[in-house]
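S.K.: What would the 3D arrangement of this be:
(2 chains, ligands or ions: 2)
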Amino acid sequence: MAEACCHGISDEKYQKLDEIINQYKGKPGGLIPVLHQAQLIFGYLPKEVQIRVAEGLDIPLSEVYGVITFYSFFSQKPRGKYTIGVCLGTACYVKGAAEIVEALEENLGIKVGDTTENGEFSLMVTRCLGACGLAPVLTIGEDVYGRLTPDKIPEIIKAYENR
Amino acid sequence: MNLYRAHVLICGGAGCLSSGCKAVQEKFIAELKAHNLENEVKMVETGCIGTCDLGPVIVIYPEGVFYKKVAPEDVQEIIEEHLIKGRYVTRLLYERPVSGEQIPFYNEIDFFRKQQRIALRNVGIINPEVIEEYIARDGYLALGKVLTQYTPEQVIQEIKDSGLRGRGGAGFPTGLKWEFTRKAPGDQKYVICNADEGDPGAFMDRSVLEGDPHSVIEAMTIAGYAVGANQGYVYVRAEYPLAVQRLEDAIKKAREFGMLGENILGTSFSFDLEIRVGAGAFVCGEETALLASIEGKRGEPRPKPPFPASHGLWGKPTLINNVETYANIPVIINRGADWFKQFGTEKSKGTKVFALAGKVNNTGLVEVPMGTTLREVIFELGGGIPNHKRFKAAQTGGPSGGCLTEKDLDRPMDYESLVAAGSMMGSGGLIVMDEDNCMVDVARFFLEFTQDESCGKCTPCRIGTKRMLEILIKITQGKGEERDLEILEELATTIKATALCGLGQSAPNPVLSTIRNFRDEYLAHIREKRCPAKVCRALLQYTIISELCKGCGLCARNCPEKAISGEPKKPYTIDQEKCIKCGNCLDKCPFNAIELK
Ligand SMILES: Cc1cc2nc3c(=O)[nH]c(=O)nc-3n(C[C@H](O)[C@H](O)[C@H](O)COP(=O)(O)O)c2cc1C
Ligand code: FES
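M.R.: Residues are numbered from 1 along each chain as shown, chains lettered A, B, ... in the order given. Ligands and ions are numbered 1, 2, ... in the order given. I've put the predicted structure just below:
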């Protein structure tokens, strides 16, 4: 049963999660910081992790689920190795971010919100990243690319494919 | 301590980071060493200098020479010419957008010269990771002064006298808010900094947190003393990881220096700070939703009153102010309310930071006295509209605001005048639009945003904005009817009057404001099925210019709908009924023979 319960996720990760839960246990307002950390550890928040957090913090699972679904930052689906976030803030939008999204969809063969079959890339749209001076902007992991035009997209993607 | 003969400031703000400032900095450090200058010239990584579009930028002191778009290849020349021989590298100097005149000095460039930096006094000047640099510029002086010479009431009086109003959007008098919180009964109180900066297209707060985190820490501690709180929280949005990191680092150093924690500066006052990171919900910028989020719940707002000043975090009296509001506090204490009051207009004192973005030459951050006109900001500091295009509108107040047009260019901007112009100050995002932007599409964009961010708790916001969005989409698709404008206006009025929180109450603003200012553009979409700015795809037509078409057939082969036909070597044609406007043909045509109208 152990395997079925954990999707083969290593015990080590759960150990880390338990440490974090213990750190916040009994402190008011700890749920969101714990979920942030949990998402860092697992990459997303599968049901098993939600249950562990609920039990650990002694909060109803429905509340944990309610919080996860409220905030767009929390994901219940696994993401690709690289998450591409295209800014659709106002500054980026008026400078053609919609065309950047199209170029990415075409280049990767997926729609916004999806992950490529090989698990390499997830495509997301984000709110303002605060780099509006360089609009339109996208991020891949921690890297930021600004002053984009659709024709720059293939080159950017390529640099990650070969890593 | 080593005395350096020159300082090289390199901007490490978000804009410059993405333009590659790290590589320039590394090169500088290596080259300074190679030239044996590392004990003579000091490299300082600062927060956002403000001119994001010109990045990576550096400023070299003592002269204050400003270099733009510096690449690693330029570093050796800068060192050999400027730092060794004392000659400027002219090709990297700033040029006035229209005249092309070169301006070497930082403080003579229009963009900086016209600014009055109070909240941004240290941003782009100090290294935010070195607390001593903050202290050297009078940092923590105000805190010391307050703790040893002022009663809490005197602090509040000073802030009231200064006329400072909240920079987070609503413009509520800050001193009054402090007084309410102080007077609210309760032995446990909290101080919160709202760093959620949800307005898309705004990055003032981010720059302060990244470029001068101690100013916020100092101000919150002063606020704690004034209202009687011993614990503070900074609520930062998750999209700003660098801000979180800088702030964490600064909090740690402030504790080490005895500016935070138990018995601050040896007095009996104790205060500490914690960071809470948001999780991607715009509504959490609204103060009651923000409180729910810190409490670990869904960030849903609740009706006010009671206000947070009496019923805040965990039901305790809580002071909530915006990042920029706090950044003004230490200066007001140090220089006095009278000094601060000399800037601004009758009812709006001090300065405002604007994040200039969109179709403007000098995008970036500017801090100007309240009452500066839109024309000065866009055309003097901002250097006007790129590519000789025409100014069409500027959006202030983000998704809660409205647009300003040509007729508003000479209006002095303050809280009252912007509301009178049908917009609002908001948090300071200022997005410039030119003739290529469609205002119907912009209205649709904002409504899509608020629709998506509506928390769903109240019906007017959840369903009302959805109905409005549907109508706007219909119009941009050429299916609009004349009476749609009336329905939009009616829905807007109802939503404004009945929504639970500021998000819903202000969501219709961009629609109302664009209808008011650009009715003709709406009517062109509705009556003529035409998008004058050529943005709304459904209303555009792809056509083949027969004089240019060589009949190669590439377009027809790439058309997913088989909407293009013709004979080889003769001009092809597009069947408009079948065309889905994907634009493939336009991209593929080697002869530029396809036109979008
Ligand atoms: C939908 C909505 C979003 C808001 N977002 C922010 C925000 O991102 N940052 C902010 O400081 N204030 C925001 N506010 C305003 C806050 O509710 C509050 O008025 C402000 O933080 C008070 O600080 P101040 O008096 O210093 O401006 C928002 C309000 C609404 C209704
Ligand atoms: S709008 Fe894209 S970074 Fe701000």
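
S.K.: Which positions in the stretch 401-550 of chain B make contact with ligand 1?
M.R.: B:427, B:501-503 (CB under 6 Å from any ligand atom). Glycine gets a C-beta too; all of them are placed from N, C-alpha and C.

S.K.: what's the answer for chain B, then?
M.R.: Within chain B, the residues that sit near ligand 1 (CB under 6 Å from any ligand atom) are B:166-170, B:172, B:194, B:196-198, B:283, B:285-287, B:320-322, B:325, B:427, B:501-503.

S.K.: same thing but 5 Å
M.R.: Selection of chain B residues close to ligand 1 by CB under 5 Å from any ligand atom yields B:166, B:168-170, B:172, B:194, B:196-198, B:285-287, B:321-322, B:325, B:502-503.

S.K.: per-domain residue ranges of chain B.
M.R.: Domain segmentation of chain B under automatic domain parsing yields B:6-113, B:131-340, B:351-434, B:439-527, B:540-596.

S.K.: Need the pLDDT of whichever residue of chain A sits closest to ligand 1.
M.R.: In chain A, no residue comes nearer to ligand 1 than A:Cys128, which is 10.4 Å away by CB to the nearest ligand atom. Confidence at A:Cys128, expressed as pLDDT, is 85.

S.K.: Quick one: classify it as helix, strand or coil.
M.R.: Secondary structure assignment for A:Cys128 (DSSP: H, G, I helix; E, B strand; the rest coil): coil.

S.K.: do B:Val234 as well
M.R.: B:Val234 ends up strand, using three-state DSSP.

S.K.: Dig out what it forms beta bridges with.
M.R.: B:Cys193, B:Ile275 (DSSP bridges).

S.K.: circling back: pick out whichever of the residues of the stretch 401-550 of chain B next to ligand 1 sits closest to B:Ile471.
M.R.: B:Ile471 lies nearest to B:Leu503 out of those, by CB to CB, at 19.6 Å.

S.K.: can you pull out the strands in chain A?
M.R.: Secondary structure of chain A by DSSP state E: the strands cover A:82-87, A:121-126, A:138-140, A:143-145.

S.K.: Neighbouring strands - and their directions - for the last one?
M.R.: Put plainly, it is strand A:143-145. Going by DSSP bridges, the partners of strand A:143-145 are strand A:138-140 (antiparallel).

S.K.: circling back to that earlier point, of the strands of chain A, which is nearest ligand 2?
M.R.: Of all these, strand A:82-87 comes closest under CB to the nearest ligand atom, at 3.4 Å.

S.K.: sorry, back to before: tell me which residues touch the residue of chain A closest to ligand 1, please.
M.R.: A:87, A:89-92, B:197, B:199-203, B:239 (CB atoms under 8 Å, 6 or more residues apart in numbering or on different chains).

S.K.: Quick check: it vs A:Gln39, distance?
M.R.: Remark: distance between A:Cys128 and A:Gln39 (CB to CB, to the nearest Å) = 21 Å.

S.K.: Please pick the buried ones from the residues of chain B next to ligand 1.
M.R.: B:166, B:168-170, B:194, B:196-198, B:285-287, B:321-322, B:325, B:502-503 (16 or more other CB atoms under 10 Å in any protein chain shown).

S.K.: tell me the two of the residues you listed that are most distant?
M.R.: That would be B:Thr325 and B:Leu503, which, of these, are the farthest apart (CB to CB) at 20.2 Å.

S.K.: neighbours of B:Asn362, just the number please.
M.R.: 24 (other CB atoms under 10 Å in any protein chain shown).

S.K.: next one: the one 4 residues further on
M.R.: Burial of B:Val366, expressed as a neighbour count using other CB under 10 Å, amounts to 28.

S.K.: do the helix or strand where it lies and chain A meet at all?
M.R.: Taking DSSP states H and E as the criterion, B:Val366 maps to strand B:364-369. Yes: with CB under 8 Å from any CB of the partner chain as the criterion, chain A is reached by strand B:364-369 at B:364-365.

S.K.: B:Ala119: what's it in contact with?
M.R.: B:167, B:204, B:208, B:215, B:324, B:327-328, B:351, B:353, B:367.

S.K.: Flag the shaky bits of chain A, pLDDT-wise.
M.R.: Along chain A, the parts satisfying pLDDT under 70 run over A:1-9.
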